[in-house]
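Engineer: Structure of the sequence below:
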Amino acid sequence: MIILAGIAGSQMFNALTALIIAQSASAEQARGIMFWLLGNLSGVRWPDTWLAMPMAALGLGVALWHARTLDAFTFGAESAATLGVNLRWTQGVLIGTAALVTAIMVSIAGAIGFVGLVVPHAMRIIVGSRHVRLVPATALAGAVFLVVADVVSRITIPGQVLPIGVITALVGAPAFAVIMIRGRQK
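Structural biologist: Residues are numbered from 1 along each chain as shown. As a prediction, the model looks like this:
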């Protein structure tokens, strides 16, 4: 039910976004909006890194600080609570930090899908599920994946730059489907 509700909500908001863009933007503005909606590193400048780097470091630091707690959450919130984890406080800190870091990064580069959805699962297969290894490995792999996707988005069509979200979705959607199928078979 949750997945179907998410799909329905996503489609509704995509339609509303398309309607607003079609009615209020020139062709060039609509193109710029579409690039932002699908993510684009072309508009990111060095001064943007003065905001992005500390936020990325903050997110990485908070996640590493809570690595053992995240390991406890692997078995569910109830199990974590029985191990002495303060659920409300910990979830508030982790979700708040993730929301802050995500908001800053999206404001800089736009919404680039599937990086945070697929890369952690792929890294869990490679480095295991202990968060003290998983968090830094995921951060590094996510950065590498993003740079590779950006390069591919710039060379796929000569003379044009695709939104980076197109490349990450073309890789991420099939990878996520494989991960979901693997998860159901276990």
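
Engineer: From here on, just use CA atoms for contacts and neighbour counts.
Structural biologist: OK.

Engineer: give me the low-pLDDT residue ranges for this protein?
Structural biologist: By pLDDT under 70, the low-scoring segments of the chain are 1, 3-4, 186.

Engineer: swap the cut-off to 90 and go again
Structural biologist: Confidence mapping of the chain against pLDDT under 90 gives the ranges 1-44, 74-80, 82-84, 110-111, 113-118, 121, 159-162, 165, 172-186.

Engineer: May I have the phi/psi pair for I126?
Structural biologist: Taking degrees, to the nearest 10, you get phi -80, psi -50 for the backbone angles of I126.

Engineer: helix or strand for V62, which one?
Structural biologist: Per DSSP states H and E, V62 falls inside helix 46-65.

Engineer: go on, A141?
Structural biologist: Applying DSSP H and E as the criterion places A141 in helix 131-155.

Engineer: centre of the chain versus that helix, how much separation?
Structural biologist: In terms of CA atoms, centre = their mean, to the nearest Å, the gap separating the centre of helix 131-155 from the centre of its chain is 11 Å.

Engineer: Show the end-to-end separation of stretch 36-47, please.
Structural biologist: With CA to CA, to the nearest Å as the measure, the ends of stretch 36-47 fall 18 Å from one another.

Engineer: Also stretch 124-131?
Structural biologist: 9 Å.

Engineer: and if you look at stretch 30-45?
Structural biologist: End-to-end distance of stretch 30-45: 22 Å, with CA to CA as the criterion.

Engineer: tell me which residues in it are buried?
Structural biologist: Within stretch 30-45, the residues scored as buried using 16 or more other CA atoms under 10 Å are 30, 33-41.

Engineer: Next one: the spatially most distant residue from the centre of the chain from H131, what distance?
Structural biologist: The centre of the chain is farthest from one residue, T82, which by CA atoms, centre = their mean lies 30.1 Å away. T82 sits 19 Å away from H131 when distances are taken as CA to CA.

Engineer: returning to what we had before: can you name the two of the buried residues of stretch 30-45 that sit furthest apart?
Structural biologist: Taking CA to CA as the measure, those span a maximum distance of 17.3 Å, between A30 and L41.

Engineer: Let me know the distance separating the residue farthest from the centre of the chain from G76.
Structural biologist: Counting by CA to CA, the gap from T82 to G76 is 10 Å.

Engineer: Repeat that for L170.
Structural biologist: Distance of L170 to G76, given as CA to CA: 31 Å.
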